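Student: Prediction below, plus the sequence it came from.
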Amino acid sequence: MLVARWRSGEGSLPTTSAGVELCALAVFLGLRVVNVGQLLISLPTALRDTTSPVLFTAALCMYLAESALLAATTVRARGYLDARLGRADVAVAVAVLLAQPWYVAPRDLTGSWTAWGFACTLGSACGAAIVFPRRRGTAVAVLALTGAYLVGALPWALPSARSTVVANAFSYAGFALLTRLLAGYLRRLAGAAERARQAAAQSAAEAARLAEIDRQRTLLHDNISVLSLLARQDLPPESAEPLRHQATVLSRKVRAFIDDNDGVPLRSTSPATTGPAHRGDGGPRELIAVVRSAAEGFWELPVTFNLDLARGVALPGPTAAAVEAATATLLHNVRLHAQAHTVVVHADADRAAGEWEITVRDDGRGFDPASTALGFGLRVQVTETLARHRVRVELDSFPDDGTTVTLRGPWEEPA
Amino acid sequence: MTTEQSESPTTATPAPRVAAVDDNTIIRDSLCPLFPAWNVVGCYRDAEALLAARPEADVVIVDLNLAGTGPAPALQGPDAVRAVAEAGYRVLVYTSEVRRTILVDCLTAGAQGIVHKAEPLPALGDAVDAVAAGQVVITQELTGLAELAERRDQLPNLSPREREVLAGRARGESFRSIARRLYITPQTATGYMNSVKTKFAAYLRDHSPADLEYYLGLEPSGLTDWQPSTTDPR
């Protein structure tokens, strides 16, 4: 999987906390492998110059065995996280350093691969910076390694090489400090990234929840006016039939919504059975027909249609469906809120400007747009939905002087 | 269904003398109690009765469907309007008819105003006052038709302001709203619209329904569907 991620250019390690631990482990074990590789390359020379081949071999085998065990354990744990392993590695390193005078000649105590203990145990200092969670643990390990190196080399080294031994001794602290700096920063970075991802996921979930609420409100908004009329006790008998028709259409929309939410449709909803609201699923439709279809069922509203100026204008299917739904929502708003005596639905088209226009005007009670928040229907069902079809919505209202909502969209004549 | 008429109160004038032609007994009998400010000079069940009586009236309210329950009179619809208008009366059509074709025929026949029966009673009162004052009263549908005529270059003598006011009224905009938008007074806006209606009514009187269909680009469905009677009413 890591290789696959690397090949895809995504990066072999994820940018998470777990990824950082894997990265730190890879660096630690990689350093160990490099050291062992270099050691094996120089092994013939080191064996030739050693003062005790038996002890040399024993120390080397102990180191290799411990390294192999450490690698197996940490790889299985997908991180160098167990402080006990860290203490064991430091202990082995200390033992190697203290044993060096017994199998390395004094003149070779500052040689890199004759006295291999120094080069190999620098990696243990780096490991201590990774594995110990507290700085104190890393400091103790560094002191132990530095002390063992000095004890195992300084008294035995030639006078001319003692300054080299002292200088080398600082390497443990330097390596550990830099490694801890890098590992600590990467861990904090990964933590911040994870928190950001979590916050983004929560935001996405919240956005999805709000979008779902909007969908439900969109569905229910237009039902309010129909239900309020159906609940009227003084409903004229001649009005019952068109109202029932409108209620049937809306009930099918609710049914379709539930089917959609279930993922698997409970029943087929062909255009013939879903009513006017679904007529826009197909090709272009005449704007005048769209407006008249939207006004179906508003039998009790005193609507006058002045639509002749838009004759010949056709809307793409999806746009027609959105405009029809928005126009119906505007009429639902008039029914619910306006208390209007007259309603005028006007359509116009300007070929030169490449634009069509629908105006819904009522002479009802109006409101002050500057001090009144727009309702859900106008804000979401009309404005936001139509914006996705490049249709602009303008509102003009004045207290006690009615409301005008104007829809303007691009007139694209078929090629 | 609204009526295009002035929103400004008319100045104090003598009570208009009103006659009515309607086959509905209740309407004939209720005009006096409903409009005590009017001087109702006579109510008739058909146009022939009015023309026979020749009352002195500033406005004659005419219904289009005069069939009633008895034998149908010779004059119906736009024919009745034409007969009454040619007798020198100012005719205000008071009807449930909403077909634009018929309403255009009424204006062509000489009607000076049209009010829908579905409108609130004050609309009828205002319309009578306006017609008595010599103004033209048209419905919202006909205001839309006037806009269509203007856009098809059939009303070239409209001023730019008159076009703006007409566009607003065709969309149902109130005179107050138009006034706010154009930075004029509502009375000024009303004056512009009165001028538009007068010019539009004159245009209709000079054009046949077939002309309208041709010039306005309307489908040949409605404007010629009324077949005028050939009976001479007099």
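Tutor: Sure, I can see it. Owing to the predicted nature of the structure, the values given are computational and were not obtained by experimental measurement.
Student: Every contact and neighbour count from this point should use C-alpha atoms.
Tutor: Noted.
Student: how is chain B carved up into domains?
Tutor: With domains defined by automatic domain parsing, chain B comprises B:17-152, B:155-216.
Student: Now do the last one: distance to the chain's middle.
Tutor: In terms of C-alpha atoms, centre = their mean, to the nearest Å, the gap separating the centre of domain B:155-216 from the centre of its chain is 15 Å.
Student: pLDDT (mean, whole number) over it?
Tutor: Average pLDDT, domain B:155-216: 91.
Student: Stretch A:186-193 now?
Tutor: The average pLDDT within stretch A:186-193 is 92.
Student: residues in contact with it?
Tutor: Outside stretch A:186-193, the residues within contact range by C-alpha atoms under 8 Å, 6 or more residues apart in numbering or on different chains are A:T15, A:T16, A:S17, A:V20, A:E21.
Student: tell me the contacts of the last one?
Tutor: So the one you mean is A:E21. Contacts of A:E21 (C-alpha under 8 Å, 6+ apart): A:R78, A:G79, A:Y80, A:R187.
Student: can you give me the strands for chain B?
Tutor: Here chain B has its strands, by DSSP state E, at B:3-4, B:17-21, B:39-44, B:59-62, B:91-95, B:113-116, B:138-139.
Student: Which SSE is immediately downstream of the top helix by length along chain A?
Tutor: Ranked by residue count under DSSP state H, the longest helix found in chain A is helix A:162-230. Counting by DSSP states H and E, the element after helix A:162-230 in chain order, helix or strand, is helix A:237-262.
Student: ok and that following helix relative to helix A:162-230, angle-wise?
Tutor: Angle of helix A:237-262 versus helix A:162-230, following axes from the mean of the first three to the mean of the last three C-alpha atoms, to 10 degrees, is 160 degrees.
Student: Now distance to A:F257 and mean neighbour count too, for the domains of chain B, in CSV please.
Tutor: What follows is the domains of chain B, written out as CSV (distance: least, C-alpha to C-alpha, whole Å; neighbours: other C-alpha atoms under 10 Å in any protein chain shown):
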stretch, distance to A:F257, mean neighbour count
domain B:17-152, 38, 20
domain B:155-216, 35, 19
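Student: Next, format those domains as CSV and append distance to A:P284.
Tutor: Below are the domains of chain B laid out as CSV (distance: least, C-alpha to C-alpha, whole Å):
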stretch, distance to A:P284
domain B:17-152, 25
domain B:155-216, 25
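Student: Using a markdown table, lay out those together with distance to chain A.
Tutor: Formatted as a markdown table, those follow (distance: least, C-alpha to the nearest C-alpha, whole Å):
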| stretch | distance to chain A |
| --- | --- |
| domain B:17-152 | 5 |
| domain B:155-216 | 5 |
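Student: And those: which comes nearest A:W299?
Tutor: Closest of the domains of chain B to A:W299 is domain B:17-152, at 13.4 Å (criterion: C-alpha to C-alpha).
Student: for chain B, which spans come out with low pLDDT?
Tutor: Along chain B, segments meeting pLDDT under 70 span B:1-13, B:68-72, B:219-234.
Student: returning to what we had before: emit the PyMOL select command for whichever of the contacts of A:E21 are buried.
Tutor: The PyMOL selection below is limited to those of the contacts of A:E21 classed as buried (16 or more other C-alpha atoms under 10 Å in any protein chain shown):
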select buried, chain A and resi 78+79+80+187
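Student: Which one of the contacts of A:E21 is nearest to chain B?
Tutor: Nearest to chain B among these: A:R187, at 63.7 Å, using C-alpha to the nearest C-alpha.
Student: Neighbours of A:R232, how many?
Tutor: 9 (other C-alpha atoms under 10 Å in any protein chain shown).
Student: could you measure it against chain B, distance?
Tutor: Using C-alpha to the nearest C-alpha, to the nearest Å, A:R232 is found at 21 Å from chain B.
Student: mind checking pLDDT for that residue?
Tutor: Confidence score, pLDDT, at A:R232: 72.
Student: One more: the one 10 residues further on?
Tutor: What the model reports for A:P242 is a pLDDT of 72.
Student: Quick check: closest non-adjacent residue to it.
Tutor: Distances taken as C-alpha to C-alpha, 6 or more residues apart in numbering or on different chains put A:G297 closest to A:P242, at 5.7 Å, once the chain neighbours are dropped.
Student: And A:L31, by the same measure?
Tutor: Distances taken as C-alpha to C-alpha, 6+ apart put A:G123 closest to A:L31, at 6.3 Å, once the chain neighbours are dropped.
Student: Might one say that A:V90 is in contact with A:G123?
Tutor: No: using C-alpha atoms under 8 Å as the test, A:V90 is too far from A:G123 to be in contact (9.8 Å).
Student: Tell me the residues of chain A that contact chain B?
Tutor: Taking C-alpha under 8 Å from any C-alpha of the partner chain as the contact definition, chain A meets chain B at A:302-306, A:308-309, A:342-346, A:359-363, A:401, A:404.
Student: Let me see the mean pLDDT of stretch A:294-302.
Tutor: Mean pLDDT, stretch A:294-302: 80.
Student: Endpoint to endpoint, that stretch covers what distance?
Tutor: Distance between the two ends of stretch A:294-302: 15 Å, counting by C-alpha to C-alpha, to the nearest Å.
Student: C-alpha coordinates for the lengthiest helix in chain B, CSV please?
Tutor: In terms of residue count, the longest helix belonging to chain B (DSSP H) is helix B:186-205. Provided in CSV are the C-alpha atoms of helix B:186-205 (Å, rounded to 0.1, in the frame of the first residue of the first chain):
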residue,chain,number,x,y,z
PRO,B,186,-48.5,59.9,-8.2
GLN,B,187,-50.8,62.5,-9.8
THR,B,188,-48.3,63.1,-12.5
ALA,B,189,-48.0,59.3,-13.1
THR,B,190,-51.8,59.1,-13.2
GLY,B,191,-51.9,61.9,-15.8
TYR,B,192,-49.4,60.1,-18.0
MET,B,193,-51.4,56.9,-17.8
ASN,B,194,-54.7,58.7,-18.6
SER,B,195,-53.0,60.0,-21.7
VAL,B,196,-51.9,56.5,-22.7
LYS,B,197,-55.3,55.1,-22.2
THR,B,198,-56.9,57.8,-24.3
LYS,B,199,-54.4,57.2,-27.1
PHE,B,200,-54.9,53.4,-26.9
ALA,B,201,-58.7,53.7,-27.0
ALA,B,202,-58.4,55.9,-30.1
TYR,B,203,-56.0,53.3,-31.7
LEU,B,204,-58.5,50.6,-31.0
ARG,B,205,-61.3,52.5,-32.6
